[in-house]
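Novice: Sequence first, then the predicted structure:
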Amino acid sequence: MNRLLTGVAAGALLMASGGAFAADLPGKFPGVTIDAKLIGGQQYEKLYERIGEWEKATGAKVNVISKKNHFDLDKEIKSDIASNSITWCVGSNHTSFAPQYPGIYTDLAKLLPKEEIDAFVPANIAAGTLDGKLVMLPRAQFDVSALYYQKSLYRDEAKKKAYKEKYGEDLAPPDTFDEMARQAEFFASPPDFYGTQYAGKEEAINGRFYEMLIADGGEYLDKDGKPAFNSDAGVKALDWFVKLYKAK
């Protein structure tokens, strides 16, 4: 059985050989098996249902050998590198993790039509480019935070009235971080309902702090690579999270 070795991408199933045209996609690869390490979780299963569609269209097979969160996948990738056992083809990863092991990637720009790459958000493509090589493509989500909210909360007439009476403004999805924090506090009714939630360990919570730090005009590291977040912006960003946590 043939196996397709193309390095690591962010949940993308890749072309097997040199440059391709958009009309050629998704391609034909009968007899090829792609070993994949993917992020696990219920929220990704709808996306993975499309693997069957791809297999039917291309004649190839996808063998999912691992489904874990990105922290555990990162550890697994490092273990594979250390033991010289990267025998799999495609994997999921964070753009923030990818620079740790630059030598394992294939340049996707050489495998995919330019017009297909250009269809993605340019900033996401830039984030997936490492040392001039396009090493990742976005899947259903990327290393860009998004705000999700429950529409039903904003349609609740009692909540709309209470919010108007308390703040003198109509209840609507927030446009600013200050509005977001205020609404999170307003909606919170622990332990039955919490106004907001964030990932609370390892790189994830640090990443959220980094975003708020930059939004407040600060920087994480200075030009010499030394910590620079002990600043007014850093205090403001951290205080924002502390207040949200206390408000639940």
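Specialist: Received the coordinates, thanks.

Novice: contacts, neighbours, all on C-alpha from now
Specialist: Will do.

Novice: which residues touch the single longest helix found in the chain?
Specialist: As far as residue count goes, and with DSSP state H defining each element, the longest helix of the chain is helix 232-247. For helix 232-247, the external contacting residues (Cα atoms under 8 Å, 6 or more residues apart in numbering) are 181, 184-185, 188, 195-196, 209, 212-213, 216-218.

Novice: what about the nearest residue to Phe187 once chain neighbours are set aside, neighbour count?
Specialist: Taking Cα to Cα, 6 or more residues apart in numbering, and ignoring the residues beside it in sequence, Phe187 has Gly195 as its nearest neighbour in space, at 5.2 Å. For Gly195, the count of nearby residues is 20 (other Cα atoms under 10 Å).

Novice: who's in contact with Gly195?
Specialist: Residues 183-189, 247-248 are the ones in contact with Gly195 under the rule Cα under 8 Å, 6+ apart.

Novice: which residues of the protein score low on pLDDT?
Specialist: Residues of the chain that meet the criterion pLDDT under 70 lie in 1-23, 140-144, 248.

Novice: roughly how far apart are the nearest residue in space to Thr129 that is not next to it in sequence and Ala126?
Specialist: Nearest residue to Thr129 in three dimensions, chain neighbours excluded: Val135, at 5.7 Å (Cα to Cα, 6+ apart). From Val135 across to Ala126, the span is 10 Å (Cα to Cα, to the nearest Å).

Novice: higher neighbour count, the two?
Specialist: Val135 (25 against 14).

Novice: buried sites along stretch 228-246?
Specialist: 229, 233-234, 237-238, 240-241, 244 (16 or more other Cα atoms under 10 Å).

Novice: same question, stretch 63-78
Specialist: 67, 70, 73-74, 77.

Novice: With stretch 121-140 instead?
Specialist: When neighbours are counted by 16+ other Cα under 10 Å, the buried residues of stretch 121-140 are found to be 124-125, 127-130, 133-138.

Novice: ok, now stretch 168-184?
Specialist: So for stretch 168-184, counting by 16+ other Cα under 10 Å, buried means 171, 173, 180-184.
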